[in-house]
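**Student:** coords please:
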Amino acid sequence: MTVGLIGDDYIVEMSMNQVVPQSEPIGLKETRDSDRSNTSTLTRSSPKDQIFPERGVLLCKACGKVITHEKQRIAIQGAHRHTFANPHGLVFEIGVFLHAPGCGYQGDLTPEFSWFSGYQWKIAVCSGCQAHLGWLFVAESSRFNGLILNRLVQNIH
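**Tutor:** This is a model prediction of the structure:
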């Protein structure tokens, strides 16, 4: 299995133990050289358009539990990817997902300091290791998960 770290200052292609520096968040794509069947290379994808270029499973970075699938990506307020600061000044880059079955939720819904107008929120954690992964946002007729991108890894196989 090959796993790429998403949203950090580097990406590790674990099957080759190769570190690829990056200047900004990029997507991963593994390709096979047709002349050498055992050779894998990493190529850069557009950082603005593709956070998760492969249609794959997204895992908890801390424990590897399946959290959601890239197909659950949605846009809220015109974008999938958002950057927000909480009242304590901590900055989070989140992606929005319709469903995240690998998440559990803690606390009561609250409208205080909601990043999305009309939505209440509660904390989303990994149901495997309880790591904080983001928030569940709930409005009268809709709900979605805002997951912290650098706390997820993508299985690209």
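**Student:** show me where pLDDT drops low in this protein?
**Tutor:** 1-55, 156-157 (pLDDT under 70).
**Student:** Tell me where the chain has strands.
**Tutor:** 3-5, 10-13, 18-21, 28-32, 40-44, 57-60, 66-69, 81-85, 91-97, 103-110, 120-126, 132-138, 143-148, 152-155 (DSSP state E).
**Student:** okay if I get those strands as TSV plus mean neighbour count and distance to residue 75?
**Tutor:** For the C-beta atoms, the positions are set from N, CA and C on the backbone; glycine is no exception. Listed next are the strands of the chain as TSV, based on neighbours: other C-beta atoms under 10 Å; distance: least, C-beta to C-beta, whole Å:
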stretch	mean neighbour count	distance to residue 75
strand 3-5	21	23
strand 10-13	16	24
strand 18-21	11	28
strand 28-32	15	22
strand 40-44	14	23
strand 57-60	22	17
strand 66-69	21	15
strand 81-85	14	9
strand 91-97	19	7
strand 103-110	13	20
strand 120-126	19	18
strand 132-138	23	13
strand 143-148	21	10
strand 152-155	22	18
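**Student:** Span of stretch 137-155 from start to end?
**Tutor:** By C-alpha to C-alpha, to the nearest Å, the extent of stretch 137-155 from end to end equals 25 Å.
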